[in-house]
Every structure is written in C-alpha cells, then in structure tokens.
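Student: Sharing a model that was predicted from the sequence below.
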Number of protein chains: 2
Amino acid sequence: MTVETQTATFDSLPLDSGATLAPVEVAYETYGRLNERRSNAILIAHAFSGDAHAAGVSREGGQTGWWDNMIGPGKGFDTNKYFVICSNVLGGCRGTTGPASLNPANGEPYGGNFPGITVADMVRLQKYLIDHLGIERLLAVAGGSMGGMQALQWAVSYPGSAAAVLPIACTARHSAMQIAFNEVGRQAIMSDPDWRDGQFYGRALPARGLAVARMVGHITYMSDESMRQKFGRRFREKDGPGFDFSADFEVESYLRYRGSQFVTRFDANSYLYITKAMDYFDLAAGQPSLAAALAPARARFLVISFTSDWLYPSYQSLEIVSALRSRNQDVAYCELPSNYGHDAFLVEVGEQTDLVRGFLDATFRQVNGL
Amino acid sequence: MTVETQTATFDSLPLDSGATLAPVEVAYETYGRLNERRSNAILIAHAFSGDAHAAGVSREGGQTGWWDNMIGPGKGFDTNKYFVICSNVLGGCRGTTGPASLNPANGEPYGGNFPGITVADMVRLQKYLIDHLGIERLLAVAGGSMGGMQALQWAVSYPGSAAAVLPIACTARHSAMQIAFNEVGRQAIMSDPDWRDGQFYGRALPARGLAVARMVGHITYMSDESMRQKFGRRFREKDGPGFDFSADFEVESYLRYRGSQFVTRFDANSYLYITKAMDYFDLAAGQPSLAAALAPARARFLVISFTSDWLYPSYQSLEIVSALRSRNQDVAYCELPSNYGHDAFLVEVGEQTDLVRGFLDATFRQVNGL
C-alpha cells in the first residue's frame, strides 16, 4: 500500500519544563479505516530514531515503513480490522516540530534554543492529534523501546483513553547504563566542533560526532550472539590484519557505514533532545512506588520483552508487570526467545505477531461488547 | 613499599607486520627478590590502559600501583616469596616504545607512522626483558583482560618458558562485539580534528575524541547492576531535570570526569594501536582449532572469569578451558561471583587472592621439587 505523511498544526503545546511551543506541527500517517463507532483506532509510538512512516510504501521516497512487518492487511496490527496511526515524536526531525524547525521568535531554526522535552510532552502532543482526528478512546497504544515508554506514559497521563497498552522491549525508568550510553552519544555530538552549540543549520553538519553516536547505539541494539553470527571475525578484503586503521573487519565497516548513513537522515540536535527525554523518563518519579504511579491506569496491558535484549533487559519489563499485578491490574507478559538483542522487536515478529493479534482481537471484542 | 620504574633498551624488535622497531625501550618494575635458583619470577601483564606500575607506591608520583591489592607481601602474588615483574606494553605511553616515542629516522615522534602491532609483538618484547633479567623460566605469567591475552600468547609463543599461566577475564580471540566497542573508540579519536592523522604532538591533543572513547570503555568495564548500585538515577545538583545538556545525572558527570582525567595520562595514538592489537588477537588464527593452537603449550593453567563480566563473558574463558582439556592439558577454571562486571578482576580480589595463592604455591613446590 502507498502512503503519504500528513501534518496537523496546533496553536501551542505546554511542556513539562514550563516552556510553551507555539505553534506546533505533527507529522503522521494512518493505515486502514476508522470504523463508524471510532472504536478501532490504534496509535503506534516509534522508537528513538523512527518516524511517522511505520508501514506501507512512502509515495514520496518509496521507502517501506519501519514496522511494515507488523502493520498491514492480515499482520499483527491488522489494517483490515484496525485504523492505525503513527506520528513523528515531538523533538524529531521527520516532520514534527523539533530543533530544526523555525523558531517564530526570530525566524531561525531553534537549534540549541529548542526547549527541553520529556516523554510526557511527546504523549501530550499525540493526545492533541488523537483528539484532532475525532477519536475519543483508542483501542490500543503500542510501541517498542522509546515507543513502549510512550505507551506507558499514555496509561498514566490519560487513564482510560486507550483500552489496551502494549509496552514492548522497554522500561518504566531509564537505568544508569541506559543513561550512560545516551550520554556517550551526546558527548560525541557536542564534542564535534561543527555542532556549534546546536546552531549548525545552513553550515557544516556535526556529521562525525553524530556518526560515532550512532555507532555506539547500533552495538547496544544488537547482541553478542547476533554480532557473532552476522560478522564474527571476518576480515573485509585482506584475509588478515592490515596493520593500519582502515576497516579491517566487516563489523568495523558495517558500523562506519551505518554511522555515515544515519547522518543523512537524522538531526544531531534531535539526537540530543530525544535521548535526554528518554533519560528523564521515570514513571515512578515523585511517587511512592511504580505501582502507585501506575495505579490510575485503566487499560489491559500486554508487556513483551526479548531474551537477548541487554539494553532493555527482561527484568525491567518484569518491574512493570509486578507493579501492575500488585494493584490487580489486567496484565499479560511474554518474554520471547531471540538472538537479535534489542532489535528483536523490529525483526523477530513471528511470535510477536500472534501475541499482538490475539490480544487486540480480545480487546476489540470487549470494547465493542461482542 | 616505594618503587621505581626502570628501563631496558634493546637494539631492535621484529614485528608480526614485517616491520622492525630499532631501538626499543621497555619500562618495567619489579617487586620482591629473585631467589638463587631464579625459580620464583612471575610476570604480570597489564590490561589496555595499565602500565608498569602494578604495585607499591611510585617514588616519583606517589601513586599506588593498579594491582596493589593483588601484589605485595602476603598478597595473592606474595612478594615475600616471589619476584614479580611488570612492564609497560609495546605501543604504550608509559615508558615503553610507542607512537609518542621519537622515530630515529627523523627525530620526530612516530605518531601515525608507528608500525601496527600485535599481542604477540608485546609478548616478544617481554621475552627480551625476561632474558635480559637472566630468567630462563618464569614461575608464572598472569594478567587480566588484555593481560590475560598476553599470558595465553606466552603459552604458545614460548612453550615451557612459564611453568604456570593465569588468563583472567579474557578471551582467546576478540569477538565482533569487542572489536565493535574498540572501533567506536577509535572512530571517536580519529574524528577529532586535533588528531591530525596522529601527528598531534606539540600541538592541541585530540582530547575530546579520546575522552569520548574512554567514556564508552568505562561503561563496558562496569555492569548494569554495578552502575545501578553506584549511580542509580540520582540527579547531580538539582533533584530533577535541568532541561539542558549539562550533566543532570551523577552517572553523566562521572563519565565526563573519567573521560577528561584519562586525557591527562594516556596517549590517543596508543589507544588506537593497542586496541587494534587486541582486535587482531585470535590465538586460533591459521590453526584448525583453538585446541590445536594451544597444543604446544607446556604449562599449568588457572583460568578465571567473573559472573557479571559481559565484555569478556565466561563462555569465552570456557572456550579456552575446553580447548586445553581436549588435549588433556593441566587446567583449572573458576567463575567468581561479582557484580562489578569486567572491572571485577581489579576490585573483587577476595576469592581471586585465595585461588592465585594456592595455585602459585602448588606450582612453586612442583617446579622446585619440594
């Protein structure tokens, strides 16, 4: 299916920091049809470097969506039954207002003057979009990694406005290690002289720093085992050491390539602002416990994690499950076997599809009293 | 005990690359006394960023050695009984010939013209030093991380010249993930405009790149659990988000501090050359199997790994143990419980001390026919 990205504009958005963004634009795509009762809408929240183009083939560029293996006719998120919505997050660089957007105050890109944001701010803007689409209650909100954090935030920011919540390969609070890896990426970018405190638009991009940041990210998305299977110790051209600092090993050239590619499609300032939002994410902040923080939630939960995901390990999903169970909330949990590490939620879609399909089907019947 | 670093000079050292270094200097320290039979000498090989100052208090700077909790009177490597030697590795920046040394060809620092090196080259230079000290056969060679790789290399490069080999928290071949993390560090350094293809001496140092590289390293030396215990999500000054890119979290300021400190004591080119040597390390290269590669070894082995070490996981130590056992070689293996990750070999010295002491004692009695 060919899809087009649309845009909705809102006068202003208040942020957790106390600042206000005005105006604010949201880039989004939809797949499938909204039914008459408006009871079949599912919001998909994307991960750190994702965008609104979750499924189908883009009319402009011809690219396939980042979760096309999960969203479409007959797929896990079945567009024959459901109306699926995906929007680019606040602070992003793929159509939604972010650091590269023009600051109405001076007509220049915000750059380093973009206000700090949180996952709750991202979700607030998504709620504006859902209201704008005339949807009172979502059937479900789902996402992996940072998308899962947004799904959890929906459950507490807007209790009851999603019948089901599917947090996949995520956490209720960023850990010291997760913060640490993000901080390395930020330092790589901010150390690049071309970053210029974020005011690099129209000049040289901080490409070297952003590429290094992406390389670190890629390692954390894979697993020791998947890297062994994909690259092992294979040398690139020669069958032995080159005794210089060109890419000797396939894994080196892969990382260099992915780093250089990322620079062509992602904004270095969005990298800074979005990773900070992830690091700030702590659902239990200011609450006696995670269970107390999740107490207002009124939804069915399906929590999924993957065995080889060491960036968002299963114990972090189990914290969410225990917190929900301790208040007797409706939660199902599955840990799926995979060697793909954190990337598993994007590629290991066999069992994930069955789980999601069954869970959505039961939710839909419940919501529509079938 | 106060100690001083000494230096030995050799006319030339042939390298695996085919190049030759001439002359070559080795910085080393010794602790304890060599006995009359010269049968109590133990060589300690240091890890990536270590140096010759393994124990005692340096006369110059007053610093305590990096493994002082393991080496000294009554300690695991008991200097009342043994003569312990530690030298800075080839390619290092703490007294042994490396990229910052003067190239006799032009009287300038080698910089990027330093020849590529391997772990076997490092060990070849150590053998020169041991011969120079008049020691025909070492009682043991031991080390953690890259030091363990050197110990393994000793076992195959100079069979029988060490009665015992103690590879700790290491591997017989660098994995794709280990290469990947090193490559990120190298890219961070080489992306720094101040690196200037390695010819930065007497000019600005590639400090930003080297600091980022060290930050990545530090994360891999810790564990999710140890970072949680040490930092958690504690904010630094404010008790909440600062909504900017200063260090909000303690883990951020810790990494920034360690990165900036490292720059004052380590050479960016040594970082490149030594990490490449680690990545090239594959004891089984050109051999039908690791067992075949280790077949020439004539030593008793004690292999140690740590439960939370995800950078050099226990399965990599078990590969070494299986390879040795398959040829019926004398090998003992212990996996020690620890939350400290890869750093455990430096800090979790309780059980490690008992293991090493007993193993060395048995080896000494065997060697001296007691």
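Tutor: Here it is on my side, so go on.

Student: Report the secondary structure state of the residue nearest to residue A:367 when sequence neighbours are not counted.
Tutor: Of all residues not flanking residue A:367 in the chain, residue A:163 sits nearest, at 5.0 Å (Cβ to Cβ, 6 or more residues apart in numbering or on different chains). The C-beta positions use only the backbone N, C-alpha and C, and glycine is treated the same way. For residue A:163, the assignment made with DSSP: H, G, I helix; E, B strand; the rest coil gives strand.

Student: How about residue A:351?
Tutor: At residue A:351 the chain is in helix, as set by three-state DSSP.

Student: Report the contact partners of it.
Tutor: Residue A:351 sits next to A:334, A:336 when contact means Cβ atoms under 8 Å, 6 or more residues apart in numbering or on different chains.

Student: one more time with 7 Å
Tutor: residue A:336 (Cβ atoms under 7 Å, 6 or more residues apart in numbering or on different chains).

Student: just to revisit the earlier point, the residue nearest to residue A:367 contacts residue A:365, correct?
Tutor: No - here residue A:163 lies out of contact with residue A:365, judged by Cβ atoms under 7 Å, at a distance of 10.9 Å.

Student: So which of these two has more stuff around it?
Tutor: A count of neighbours by other Cβ atoms under 10 Å in any protein chain shown puts residue A:163 above the other of residue A:163 and residue A:365, at 21 against 10.

Student: any idea how far the more buried one is from chain B?
Tutor: Using Cβ to the nearest Cβ, to the nearest Å, we find residue A:163 at a distance of 31 Å from chain B.

Student: do residue A:8 as well
Tutor: Separation of residue A:8 from chain B (Cβ to the nearest Cβ): 25 Å.

Student: Name the residues of the one helix or strand that residue maps to that are buried.
Tutor: According to DSSP states H and E, residue A:8 maps onto strand A:6-10. By neighbour count with 16 or more other Cβ atoms under 10 Å in any protein chain shown, strand A:6-10 contains the buried residues A:8, A:10.

Student: Tell me if the helix or strand following that strand is near chain B.
Tutor: Once the chain leaves strand A:6-10, the next helix or strand it forms, by DSSP H and E, is strand A:13-14. No - judged by Cβ under 7 Å from any Cβ of the partner chain, strand A:13-14 stays clear of chain B, getting no closer than 13.7 Å.

Student: Can you give the strand pairings for strand A:13-14, parallel or anti for each?
Tutor: Applying DSSP bridges, strand A:13-14 is found paired with strand A:20-21 (antiparallel).

Student: neighbouring contacts of the strand it pairs with?
Tutor: Strand A:20-21 is contacted by residues A:12, A:13, A:14, A:15, A:97, A:115 when judged by Cβ under 7 Å, 6+ apart.

Student: Relative to the whole chain's centre, how far out is it?
Tutor: Distance, stretch centre to chain centre, for strand A:20-21: 22 Å (Cα atoms, centre = their mean, to the nearest Å).

Student: What is the subsequent helix or strand relative to it?
Tutor: Defined by DSSP H and E, the subsequent element after strand A:20-21 is strand A:24-31.

Student: which SS class is the most centrally placed residue in chain A?
Tutor: The residue lying closest to the centre of chain A (Cα atoms, centre = their mean) is residue A:47, at 1.5 Å. Secondary structure, three-state DSSP: residue A:47 is coil.

Student: any idea how far residue A:342 is from it?
Tutor: Noted for residue A:47: a distance of 9 Å to residue A:342, by Cβ to Cβ, to the nearest Å.
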